[in-house]
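Asker: 3D model of this:
(one chain, ligands or ions: 1)
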Amino acid sequence: MNAEREMAMSLEFKKIRSHVRLMNPFKGHALDEIPFEIRFDPLTGATGRVFDLPFKAEKPDVADIVDRSKKIFCPFCPAALEKSTPEFPKDLIPEGRIKVGDATLIPNLAPFEKHAGVAIFSLEHFIPMENLTPETMRDAFSACLLYLKRVAQSDPLVHFFSINWNYMPCAGSSIVHAHLQPNAGEVATNALREQIEGCRRYARENRRDFWQDFIEEEKRKNERYLKTIGSSVWAMSFVPASFLPDVQCVFPERLSLMELSKDDLEVFLEGLSRTLKHFLEENIYSFNVSIFSTKEEKSHRVNARICPRLFPRPIGNSDIAYPQMMHKESFTVRPPEAVREKLLQVFTP
Ligand SMILES: [Zn+2]
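Answerer: This is a model prediction of the structure:
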């Protein structure tokens, strides 16, 4: 990269290094320093705290969670689905429910948006994380894309789209039966709005496309970049959103979920399943996924994050506490660069 090019690109992975000083009881009460970083998201400017602590997740008792879930009513199991779940108004979805292969997409009875669906993966009450392959995930994601496209066609007021996933109760899911939550609305959520504002600001100040610069810089630095699979680019997030580092995916050529093709979905599921394989190796049995999209915002691109979720200690404490809840500040115990090597192994089999 020549100097002129360097000058032109003002994308910055800014971090401030700091440390805590204390007399450490595990080191004979000697003076010790715990380093940490405050990182600034290159797109939004949002900050997050990154530590490097010796943390290893313990394997949760998945069988117990599934057992407990079977003792309470599951509206998504075949015996209940037809009777206990709603249907779409005929003017929106004439067939009432969208069916794609094994997946069924219904309206969300606990809606988050003007248009809110639930895509139930299959008849199976529980899909173990080991079985979340492109094959088993394809129908539900395809149903979401189909639903959002139809919503976009019928409601010209919606401009913001997302496909979301809470896998297992630890990630916030009230129902173990695997399901996605596609949403479409007129007002962007905070996270999407901050992305859009960041893209516009970057384009205005630099007269360049943020995503191209971002991908170029991640590849050049080669600290967090994982792989390009077809139309998708995968990297560890510079400012992780979660307790353990998350993985992000960008479609640099896709303006909107409306444009996502079958091949695009396939490469996304490929990267997603590889990321989940890594989570499993780390005893992570729960996660959140969000795919963010606008309808036609020129500087924005379809992108996604996959966040591991866990109970950090055996008492079952949440991995979201006052920093995230009250300060909107992420807190991560391992630097993304430190776990990247393990992800590279699953991304380059
Ligand atoms: Zn069920």
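Asker: Phi, psi for I306 please.
Answerer: phi -120, psi 110 (degrees, to the nearest 10).
Asker: Can you get me a residue count around it?
Answerer: Applying other C-beta atoms under 10 Å, we find 25 residues neighbouring I306. Where you see a C-beta, it was placed from the backbone N, CA and C, and this is true even at glycine.
Asker: Name whatever forms a beta bridge with it.
Answerer: Following DSSP bridges, I306 is listed with bridge partners V247, V289.
Asker: isn't it right up against T275?
Answerer: Yes. I306 is within contact range of T275, at 5.0 Å (criterion: C-beta atoms under 8 Å).
Asker: list residues touching both of those two?
Answerer: Common neighbours of I306 and T275 are listed as V247 (criterion: C-beta atoms under 8 Å, 6 or more residues apart in numbering).
Asker: ok, E337 to E218 distance?
Answerer: 12 Å (C-beta to C-beta, to the nearest Å).
Asker: near the ion, which residues of the chain show up?
Answerer: Contact residues (C-beta under 5 Å from the ion) of the chain with the ion: 74, 76-77, 125, 177.
Asker: Of these, which is the nearest to K342?
Answerer: H177 (30.1 Å; C-beta to C-beta).
Asker: Just the pLDDT for that closest one.
Answerer: For H177, the pLDDT comes out at 98.
Asker: burial measure for it, as a count.
Answerer: Neighbour tally, H177, other C-beta under 10 Å: 21.
Asker: and A116, what does it touch?
Answerer: A116 neighbours (C-beta under 8 Å, 6+ apart): 107-108, 181-183.
Asker: is it in a bridge, and if so with what?
Answerer: With DSSP bridges as the rule, A116 is bridged to N183.
Asker: Could you pull up phi and psi at the residue of the stretch 151-300 of the chain at minimum distance from the ion?
Answerer: Relative to the ion, the nearest point of the stretch 151-300 of the chain is H177 (3.3 Å; C-beta to the ion). When quoted as degrees, to the nearest 10, the phi and psi of H177 stand at phi -50, psi 120.
Asker: That one: what's it in contact with?
Answerer: The contact partners of H177, by C-beta under 8 Å, 6+ apart, come to 69, 74, 76-77, 120-121, 124-126.
Asker: what about E337 and E218, which has more around it?
Answerer: Using other C-beta under 10 Å, the more surrounded residue of E337 and E218 is E218, with 23 against 15.
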